[in-house]
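Asker: below is the sequence, then the predicted model.
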Amino acid sequence: MSRPPTGDRSGSALPAVVWAVARRPDLWWSAFGVVRRLAPPGWWRASPRLPLPDRRLWEFRMVTAYGSPDAAPRAPDVISYLEWCRTTGRSDRRCGRRS
């Protein structure tokens, strides 16, 4: 398992996304469900022991969303996605599901 690309290589997008979600308690369960489903099975057994998605899955998601495998998700986009997950019903069945 490898780390997903950060886009700008500085990692500055991740704190903005985390902060945006942290300020929205109404989206915490949706975010938890998405992270849980994107994490590969047994993610805790390998370093860095974080529930990071598979690199190929992450790159595919970034290409479909932003047109580049090296893109980084923007906080407003993540919030919109989590709101969509929450409003479309049980987020554990629809959002972030691994194929």
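Answerer: Received the coordinates, thanks.

Asker: and the residue nearest the centre of the chain, how far is that from residue 68?
Answerer: Residue closest to the average C-alpha location in the chain (Cα atoms, centre = their mean): residue 35, at 6.0 Å. Using Cβ to Cβ, to the nearest Å, residue 35 is found at 22 Å from residue 68. Every residue, glycine included, has its C-beta placed from N, CA and C.

Asker: host element of the residue nearest to the centre of the chain?
Answerer: helix 28-38 (DSSP states H and E).

Asker: what helices and strands are in contact with that helix?
Answerer: helix 75-87, helix 91-94 (3 or more Cβ pairs under 8 Å, 6 or more residues apart in numbering; DSSP states H and E).

Asker: what comes up buried for it?
Answerer: 30-31, 33-34, 37-38 (16 or more other Cβ atoms under 10 Å).

Asker: now, which of the residues you listed sits nearest residue 24?
Answerer: residue 31 (8.5 Å; Cβ to Cβ).

Asker: does that closest one touch residue 22 like I think?
Answerer: No - the pair residue 31 / residue 22 is not scored as a contact, 9.3 Å apart, by Cβ atoms under 8 Å.

Asker: how many neighbouring residues does residue 19 have?
Answerer: 10 (other Cβ atoms under 10 Å).
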